[in-house]
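Participant: show me the folded form of this:
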Amino acid sequence: EPAPTLRCGTPAEAGFQDALPERLQTFCEGWHQEAGGAFTLVVARNGVVVFHEAFGEHKGQMATRDTAYPLFSLTKMVTGLMLSQFLDQGLLELDAPLGRVLPDLPVEGSNVVTLRKCLMHVTGLEGHGNWKGLDNPWLDNVIANGIDTVAPAYRYSGVAYDLAGIAMSLVA
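Facilitator: Take a look at the predicted model:
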């Protein structure tokens with residue numbers, strides 16, 4: 001059963017070997033030494049937190065368990081998970097033109113935008129948060145008015161994920 005709350009406890013209470021916290025500490029210290037950067041790791045099972053430590057420096061200060069980190073592209077993972085549910089439920093199609101859901105976008109031609117192209121970053125669109133992203137209710141119209149000037153190509157972009165998010169919000 002999912003646990004409604006988290007509490008600190010022992011590895012045994014969570015179904016782990018007693019040596020887990022020490023092994024995680026050693027691993028994380030090595031990872032930090034090799035990769036640099038700051039991070040916090042939380043390990044819990046069955047509502048029992050068995051490890052919660054911070055490593056490295058963030059903005060010139062030692063990271064703590066309360067250090068807030070920017071999320072950036074972590075939201076792409078959430079979008080991908082949600083999209084898989086939409087696809088599974090038949091609400092959207094991976095290779096269908098987004099113009100079927102966002103009528104300002106083309107439904108044929110070389111610049112057709114599909115969910116697959118959005119998630120693979122091959123729409124040719126660039127930027128992160130351009131035109132205010134999801135906060136712009138006319139984002140699909142803005143993109144549609146310039147899509148003919150964009151050659152389909154790989155460009156890591158949050159704008160294409162914004163389009164996928166708008167499409168999901170319209171069919172939900």
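
Participant: can you tell me the element Thr40 falls in?
Facilitator: According to DSSP states H and E, Thr40 maps onto strand 39-45.

Participant: and that strand, which strands flank it?
Facilitator: Partners of strand 39-45 in the sheet, by DSSP bridges, are strand 48-55 (antiparallel).

Participant: for the strand holding Thr40, which outside residues touch it?
Facilitator: Applying Cβ atoms under 8 Å, 6 or more residues apart in numbering, the contact partners of strand 39-45 are 6, 14-16, 20, 24, 28, 32, 49-56, 63, 65, 67, 69. Heads up, the C-betas are built off the backbone N, CA and C, glycines and all.

Participant: contact partners for Ser73?
Facilitator: Counted by Cβ under 8 Å, 6+ apart, Ser73 has contacts Gly158.

Participant: distance check, it against Ser157.
Facilitator: Look at Ser73 and Ser157: by Cβ to Cβ, to the nearest Å, they are 11 Å apart.

Participant: now the strands: where do they sit in this structure?
Facilitator: Assigned by DSSP state E, the strands in the chain fall at 7-8, 39-45, 48-55, 57-58, 61-62.

Participant: so of those strands, which one's packed in deepest?
Facilitator: strand 48-55 (a mean of 18; mean count of other Cβ atoms under 10 Å).

Participant: could you write out the alpha-carbon coordinates of it in CSV?
Facilitator: This file holds the C-alpha atoms of strand 48-55, laid out as CSV (Å, rounded to 0.1, in the frame of the first residue of the first chain):
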residue,chain,number,x,y,z
VAL,A,48,10.3,5.1,5.6
VAL,A,49,13.1,7.5,4.8
VAL,A,50,16.4,5.7,5.2
PHE,A,51,18.8,8.2,3.6
HIS,A,52,18.5,12.0,3.1
GLU,A,53,21.8,13.8,2.5
ALA,A,54,23.1,16.8,0.5
PHE,A,55,26.4,16.9,-1.3
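
Participant: quick one: the helices in the chain, in order.
Facilitator: Using DSSP state H, the helices found in the chain span residues 11-14, 20-35, 74-88, 115-120, 139-146, 159-171.

Participant: least reliable of those by average pLDDT, please.
Facilitator: Here the lowest mean pLDDT among these goes to helix 139-146, at a mean of 87.

Participant: having no further points to raise, I will conclude here.
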